[in-house]
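Chemist: no sequence on this one, just coordinates:
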């Protein structure tokens, strides 16, 4: 869940199997709520089973992980790209797979969310895969070092 003081909406992301929903609740004093589907996962190649919390960047893009799906069915790191390029997103989202896990040596089935540093690099963990099949902590590096990343991501480090 993401709460921001002074914002117009309090938002919570909810995942049901392969469907990502975003619940937007108006600030205190206002009436009602709105529930909208932002993206529906298909399994391959985009991922399945999004269970983590989402993070956002200054352009309104959202980032998260799926536990399954992707090229090797070992999960993905994804970005939901906001068409308006502003936060909060006033447009529509399109999904972009940033990384597809292979199991060894990079890890498998990420359940946890991600963190992003000021260079746009992403960090996370997997509970399985890696050299000894006990999981990994990983870093995905933005090729041009911008935040939000306007390049591509690659694995720089996998910590076992």
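Modeler: Great, that's in hand. Predicted model, so just to flag it, every value in this text is computed and none were measured. Numbers count the residues shown, from 1 in each chain.
Chemist: make it CA atoms for all contacts and neighbour counts henceforth
Modeler: Fine.
Chemist: what sits against the closest residue to residue 105 other than its chain neighbours?
Modeler: Once flanking residues are discounted, residue 105 sits nearest to residue 130: 4.3 Å by Cα to Cα, 6 or more residues apart in numbering. Contact partners of residue 130, counting by Cα atoms under 8 Å, 6 or more residues apart in numbering, are 103-108, 136, 160.
Chemist: how does it look with 7 Å?
Modeler: 103-107, 136, 160 (Cα atoms under 7 Å, 6 or more residues apart in numbering).
Chemist: Residue 71 against residue 42, yeah?
Modeler: No - the criterion here is Cα atoms under 7 Å, and residue 71 misses it with residue 42 at 12.0 Å.
Chemist: Quick one: the strands in this structure, in order.
Modeler: 9-16, 19-26, 34-40, 48-50, 55-56, 62-68, 76-82, 93-100, 115-116, 122-126, 136-142, 153-159 (DSSP state E).
Chemist: Next, format these as TSV and append mean neighbour count and mean pLDDT.
Modeler: As requested, the strands of the chain are exported to TSV (neighbours: other Cα atoms under 10 Å; pLDDT from 0 to 100):
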stretch	mean neighbour count	mean pLDDT
strand 9-16	16	45
strand 19-26	17	51
strand 34-40	13	86
strand 48-50	26	94
strand 55-56	18	94
strand 62-68	26	96
strand 76-82	23	95
strand 93-100	18	93
strand 115-116	17	94
strand 122-126	22	94
strand 136-142	21	90
strand 153-159	15	72
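Chemist: So what does the residue nearest to residue 105 look like in phi/psi?
Modeler: phi 80, psi -180 (degrees, to the nearest 10).
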